[in-house]
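A.B. asks: dropping a prediction and its sequence here:
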Amino acid sequence: MHTDCTRRQWLAAAAGAALVRPFVATATANPTPRVAIGKCPDYGPELLPTMQRMFDQLGGLERLVKGKTVAIKVNMTGDTNIRLGHAPAEDTHYTHPRVIAATVHLMGRAGARRVRLLESCWSSSEPLQEFMLRANWEPRDFLGAAPLVEFENTNVLGRARKYARLTTPQGGHMFRAFDLNHSYTDCDVFVSLAKMKDHATAGVTLSMKNCFGITPVTIYGDGAGIDEPSIEPRGGRGIMHAGNRQPSKSAVPENDPKTPREDTYRIPRIVADLVAARPIDLAIVEAIRSMAGGEGPWVKPSRAISPGVLVAGTNCVATDAVCMAVMGYDPMAVRGMAPFEKCDSTLQLAEELGVGPRDLKRIEVVGTPIREAMFRYRV
């Protein structure tokens with residue numbers, strides 16, 4: 001993907017978008033979380049005004065990001081050479097680069113001092129820009145979307161001298177603290193920019209499950225160092241999935257190594273702990289084009305779909321609850337109910353930690369009604 005978009009072009013596009021609706025903060029203090037839904041048929045000219053309108057409906061970006069450093073965790077799960085048929089990765093399991101660029105631009109336009117794009121590249125310490133190039137993306141499209149844009153592969157230590165430790169409120173379900181790349185603490189606003197998908201071991205992967213990827217493989221991976229983090233990341237996050245060993249001894253071990261070693265038990269709890277330890281300030285989930293049946297082409301059977309929808313909110317549990325409803329699922333579902341037939345509900349577990357509500361009766365949905373945005377992921 002290379003559109004040769006300069007910041008001037010993004011500004012021109014935004015000027016036209018501003019005619020759709022003035023970009024002003026409209027929200028008032030309200031304990032009920034608000035979630036915006038927007039219909040968007042493709043990644044063309046309607047994308048930017050749709051996203052701007054949604055952020056308007058949440059109260060405006062300026063009050064959230066002006067003068068601040070914004071960290072955006074994107075979803076580039078798996079290696080860049082994995083495809084569902086002949087579809088580009090961004091049309092199925094990666095966050096689409098046009099959505100990333102539009103988000104970066106709107107952050108810059110709202111006055112963000114710095115925007116930092118983050119992802120833990122699959123089993124690699126290479127710069128995130130290089131990983132994006134291997135996916136046939138053009139990093140200059142992001143650099144040109146706002147005044148100051150940076151990249152960080154959070155699988156490794158990066159620019160810091162040591163990993164940052166974030167503690168989980170109430171002690172967590174699985175971990176009472178995590179050691180993460182500095183970028184997840186060296187920011188004022190944390191954004192989870194996810195793809196709306198099913199998940200083989202967690203039921204669904206939305207804004208919260210996207211944060212499973214903030215854990216560095218050098219500490220929580222198959223090849224992590226025993227005493228200290230490894231220099232190079234090797235393999236996946238087997239420690240998190242199977243619990244076959246503990247993280248590097250420099251990090252905090254799990255609370256109880258006697259709990260089930262099943263990924264369907266562990267992953268939902270670890271995700272809930274992560275979003276409690278590193279709260280999401282803005283959740284954005286895109287499914288203009290996506291996939292159903294799993295989180296990546298390695299899950300069989302799975303298929304490419306085109307729901308044509310975006311969802312955003314400032315509470316990740318509420319946002320994921322609305323996403324589930326859009327997907328045709330009940331956000332109040334528990335283990336044994338679709339899509340959690342074999343796993344526990346991340347939404348329920350995060351709600352137990354006080355992160356947010358999953359009951360639609362306690363959530364204000366604005367923009368497109370759920371019934372008009374619904375795209376059933378299961379046929």
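C.D. replies: Received, thanks. Note that the coordinates shown come from a computational prediction; the quantities given were computed from them, not determined experimentally. Numbers count the residues shown, from 1 in each chain.
A.B. asks: residue contacts, the residue lying closest to Ile270 once chain neighbours are set aside?
C.D. replies: Residue nearest to Ile270 in three dimensions, not counting chain neighbours: Met174, with 5.1 Å by C-beta to C-beta, 6 or more residues apart in numbering. C-beta coordinates here come from the backbone N, C-alpha and C atoms, glycine included. Contacts for Met174 (C-beta atoms under 8 Å, 6 or more residues apart in numbering) come out as Glu254, Asn255, Thr259, Arg266, Arg269, Ile270, Asp273.
A.B. asks: the first one is in contact with Gln246, isn't it?
C.D. replies: Yes: proximity of Glu254 to Gln246 meets the contact threshold set by C-beta atoms under 8 Å, at 6.6 Å.
A.B. asks: and these two? Which one has more around it.
C.D. replies: For Glu254 versus Gln246, neighbours defined as other C-beta atoms under 10 Å are more numerous around Glu254 (22 against 15).
A.B. asks: longest single helix anywhere in this protein?
C.D. replies: As assigned by DSSP state H, the longest helix anywhere in the chain is helix 263-277.
A.B. asks: tell me which other helices or strands that one touches.
C.D. replies: When contacts are defined as 3 or more C-beta pairs under 8 Å, 6 or more residues apart in numbering; DSSP states H and E, helix 263-277 packs onto strand 177-180, helix 238-242, helix 346-352.
A.B. asks: which residues in the stretch 151-300 of the chain form strands?
C.D. replies: Here the stretch 151-300 of the chain has its strands, by DSSP state E, counting those that start in this stretch, at 164-167, 177-180, 189-195, 197-199, 203-205, 282-287, 290-292.
A.B. asks: weakest of the helices and strands packed on helix 263-277 in terms of mean pLDDT?
C.D. replies: The minimum mean pLDDT among the helices and strands packed on helix 263-277 belongs to helix 238-242 (a mean of 92).
A.B. asks: for that one, name the packing helices and strands.
C.D. replies: Here helix 238-242 touches helix 263-277, going by 3+ C-beta pairs under 8 Å, 6+ apart.
A.B. asks: residues making contact with the helix it packs on?
C.D. replies: 166-170, 172-175, 177-178, 201-203, 208-209, 211-212, 214-215, 240-243, 259-260, 316-317, 342-346, 349-350, 352-355.
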